[in-house]
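[1] Make a model of this:
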Amino acid sequence: MTAPPRSAPEPLAFLFDLDGTLVDSVYQHVLAWREATQAAGIELPVWRIHRQIGMSGGLMLHALLRETGRPVSPEEAEQIQRVHREAYAKQAPSLRVLPGTHELLDTLAAHRVPHAVATSGRMENARHALKLLGLRDDVPVVTRDDVRFAKPDPDLFLAAGERLKVPMNRCVIVGDSVWDLLAARRAFALSVGLLSGGYGQDELERAGAYRVYQDPADLLRHLDEVGVRLG
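    Modelled structure (predicted):
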């Protein structure tokens, strides 16, 4: 008896975080947040700021100020975020793509693997990093402006999957922070962690990463481990 023909597998898609995942921009954000909080008379160690990078600006600010115990009015919070935007924009010339970013994106495009970018930053901030990527017109970009809640809520990744028309159980979310991976778990998607944002392998694995690589170049070398066949 002849076996029935096997149907083609459903497409696999990649949903990428931006800062620290594709572009080396985490520490520029950290220094911009330090400048913004210091301008408001709030002293925070740089390492504490780094631990919150990856959240939306508003949620991150709330988490940082919770540690100081200092109340901040909505007007002052908006002022802090404005100074952060301005300070980060001044550092835009120092941004660089991470090793292997262009090669990874080009490889996915060449093999027709759908992919998108989902960032907790608003477009006003994200445009500096996005410009370096030179994304194709068919690569969706979802920013904080497009969703109600940012990471660790799953909204950004859910919106990116919808734009690609790929169900979340066929998506691989790639991020460098625990907030990316927690959002991936809440979206019921597999996640891959990258060390290029400053978190350790054990932290990323505890947050849900089923594979951890150094950077985009390392991920590219191991695409077969995450389900991409290039042959």
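[2] CA atoms for contacts and neighbours, from now on please.
    Will do.
[3] Buried residues of stretch 217-226, list them for me.
    If you call a residue buried by 16 or more other Cα atoms under 10 Å, then stretch 217-226 has these buried ones: 217-220, 226.
[4] any idea of the mean pLDDT for it?
    Confidence over stretch 217-226 (mean pLDDT, whole number) is 96.
[5] hang on, the earlier thing: just the closest of the buried residues of stretch 217-226 to Val174, please.
    Leu219 (9.6 Å; Cα to Cα).
[6] what's near enough to touch the closest one?
    104, 213 (Cα atoms under 8 Å, 6 or more residues apart in numbering).
[7] Identify the residues contacting the host helix or strand of Glu162?
    Using DSSP states H and E, Glu162 maps to helix 155-164. With contact meaning Cα under 8 Å, 6+ apart, helix 155-164 is reached by 13, 15, 114-120, 140-144, 146-150, 167-168, 171, 173, 183-184, 187.
[8] What separation do you get for Leu65 and Trp179?
    In this view, Leu65 and Trp179 are 18 Å apart by Cα to Cα, to the nearest Å.
[9] returning to that earlier point: Throw the buried residues of stretch 217-226 into a markdown table and include secondary structure and distance to Gly198, thanks.
    A markdown table is the format used below for those (DSSP: H, G, I helix; E, B strand; the rest coil; distance: Cα to Cα, whole Å):
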| residue | secondary structure | distance to Gly198 |
| --- | --- | --- |
| Ala217 | helix | 16 |
| Asp218 | helix | 16 |
| Leu219 | helix | 16 |
| Leu220 | helix | 19 |
| Val226 | helix | 22 |
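[10] average pLDDT across the host helix or strand of Gln79?
    Here Gln79 is covered by helix 74-90, with elements defined by DSSP H and E. Across helix 74-90, the average pLDDT comes to 90.
[11] is it true that Lys172 lies in a strand?
    Small correction: residue 172 is Val, not Lys. Yes - the assignment for Val172 is a strand, going by DSSP: H, G, I helix; E, B strand; the rest coil.
[12] Just give me the neighbour total for it.
    21 (other Cα atoms under 10 Å).
[13] now do Leu156
    Leu156: 30 neighbours (other Cα under 10 Å).
[14] In terms of secondary structure, what does the helix or strand bottoming out on mean pLDDT in the chain contact?
    One helix or strand of the chain scores below all others by mean pLDDT, DSSP states H and E: helix 57-68, with a mean of 74. Helices and strands touching helix 57-68, by 3 or more Cα pairs under 8 Å, 6 or more residues apart in numbering; DSSP states H and E, are helix 74-90.
[15] ok and the helix it packs on relative to helix 57-68, angle-wise?
    110 degrees (axes from the mean of the first three to the mean of the last three Cα atoms, to 10 degrees).
[16] Alright, calling it a day.
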